[in-house]
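>>> need a 3D model of the following:
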Amino acid sequence: MLYPYLDTLFRNSMEYLIQQLINGIQLGTVYALIALGYTMVYGIIRLINFAHADIFMIGVYVALFTANAYQIPFPIVIIISMIVCSVIGIVMEKLAYKPLRNKPRLSALITAIGVSLFLENFCALPFVFGPDYRSFPELIPLQTYTLPGYYNITVSNIFLINLLVLAILLAGLFYMVHYTAIGRQMRAVSYDKATASLMGINVDRVISFTFLIGTALAGASGVLYGITYTTVQSPYMGIWPGWKAFIAAVIGGIGSLPGAVIGSYLMGISEVYANSISSDLGFGIAFAILIIVLIVKPTGLLGKKTYEKV
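Sure, this is the predicted structure:
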């Protein structure tokens, strides 16, 4: 009589754990695209672009207004969001960061915080996006599929689309970095800007291109967030996803593209499991993991030691 009860209890527990794992992977996919932008910019110019989270927020709103106004399909929406965010990223780099390129690093860091605050408060104005909550349009009708097997596990088409978009963008990013001229230039500038400049590489162009790619990824992440969670909270909605994606990049080893993805999935899965226990624990788990990883491996999971010239 006891065996059927234990079997049911075990199966229910495993179903719950696996289902939460799927939810964590879905959240980690959103974090990954934001974290890649952080780590790309840091890898090239050693700048933590805190305004990157607000580019993600703008990507959500661009997708929302585009889909509502023109009723266009999901692939076109995500392309438009990436283009708009990349243009904003280039303008931001030219106006706010380029004049400080040869200044102390703290100046650029403070400027990044200022740009972030400006974007949040400007977008909160009534004639821009406004502070109200909105519902994201149904770009893709939700469908669920039950996986075959002993456990009753379901996945949605949104989950599969998230993974597909991340896989396509990661493959394109990997190809660009390793097999194109601009990718080789990016790696050269990342290694030594002065020497790259002496070898004829246009460092300013490489940095602008890095911002273009990084902010385009943030725009794509905004669209995935919208179709997944369907609620557009306010122009301040990018703060927490941005912080967690930044922490994920640090955990993975900031400057490492694979590390950003691994850290994001670790962050997403941990957050979902922690939220199932307590919402307060869900907010704190990111910082707890960060502290543990930095104590054990200060460079992050895939990070390498670097040395500053004095």
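>>> which stretches of this protein have low pLDDT?
The model of the chain has pLDDT under 70 over residues 1-12, 150, 304-310.
>>> domain map for it?
Following automatic domain parsing, one gets these domains for the chain: 52-237, 240-310.
>>> now render those as a markdown table, adding distance to residue 36 and mean neighbour count.
(C-beta placed from N, C-alpha, C; glycine too.) Conversion of the domains of the chain to a markdown table gives the following (distance: least, C-beta to C-beta, whole Å; neighbours: other C-beta atoms under 10 Å):
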| stretch | distance to residue 36 | mean neighbour count |
| --- | --- | --- |
| domain 52-237 | 5 | 17 |
| domain 240-310 | 5 | 18 |
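>>> closest to residue 43 out of those domains?
domain 240-310 (4.0 Å; C-beta to C-beta).
>>> one step back: so which of the domains of the chain is nearest residue 30?
Per C-beta to C-beta, nearest to residue 30 of these: domain 52-237, 5.1 Å.
>>> endpoints of that closest one, how far apart?
End-to-end distance of domain 52-237 (C-alpha to C-alpha, to the nearest Å): 12 Å.
>>> for stretch 41-58, same thing?
18 Å.
>>> where exactly do the helices run in the protein?
Taking DSSP state H as the test, the helices found in the chain are 2-45, 52-70, 74-92, 105-123, 157-179, 181-191, 193-198, 203-229, 239-252, 257-277, 279-296.
>>> quick one: which of those is nearest residue 139?
Closest to residue 139 of these, according to C-beta to C-beta: helix 74-92, at 4.5 Å.
>>> only C-alpha atoms, please: export that closest one in CSV.
Provided in CSV are the C-alpha atoms of helix 74-92 (Å, rounded to 0.1, in the frame of the first residue of the first chain):
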residue,chain,number,x,y,z
PHE,A,74,7.1,38.2,-35.1
PRO,A,75,10.2,37.8,-37.3
ILE,A,76,9.8,41.4,-38.7
VAL,A,77,9.1,42.7,-35.2
ILE,A,78,12.3,41.3,-33.8
ILE,A,79,14.3,42.7,-36.7
ILE,A,80,12.8,46.2,-36.3
SER,A,81,13.5,46.1,-32.5
MET,A,82,17.1,45.1,-33.1
ILE,A,83,17.6,47.8,-35.7
VAL,A,84,16.1,50.6,-33.5
CYS,A,85,18.1,49.5,-30.5
SER,A,86,21.3,49.2,-32.5
VAL,A,87,20.9,52.8,-33.8
ILE,A,88,20.3,54.1,-30.3
GLY,A,89,23.3,52.2,-29.1
ILE,A,90,25.6,53.8,-31.7
VAL,A,91,24.2,57.3,-30.9
MET,A,92,24.8,56.6,-27.2
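>>> contact partners of it?
For helix 74-92, the surrounding residues in contact (C-beta atoms under 8 Å, 6 or more residues apart in numbering) are 51, 55, 58-59, 62-63, 66-67, 72, 115, 139-140, 161, 165, 208, 211-220, 222-223, 227.
>>> now swap in stretch 179-188 and tell me
Stretch 179-188 has contacts (C-beta under 8 Å, 6+ apart) with 44, 175-177, 195-196, 199, 201-202, 206, 209-210.
>>> for stretch 139-155, same thing?
Contact with stretch 139-155 is made by 11, 14-15, 18-19, 22, 63, 67, 73-74, 77, 156-158, 161, 226-227, as judged by C-beta under 8 Å, 6+ apart.
>>> in contact with residue 190, which residues are there?
With contact set as C-beta under 8 Å, 6+ apart, residue 190 has these partners: 43-44, 255.
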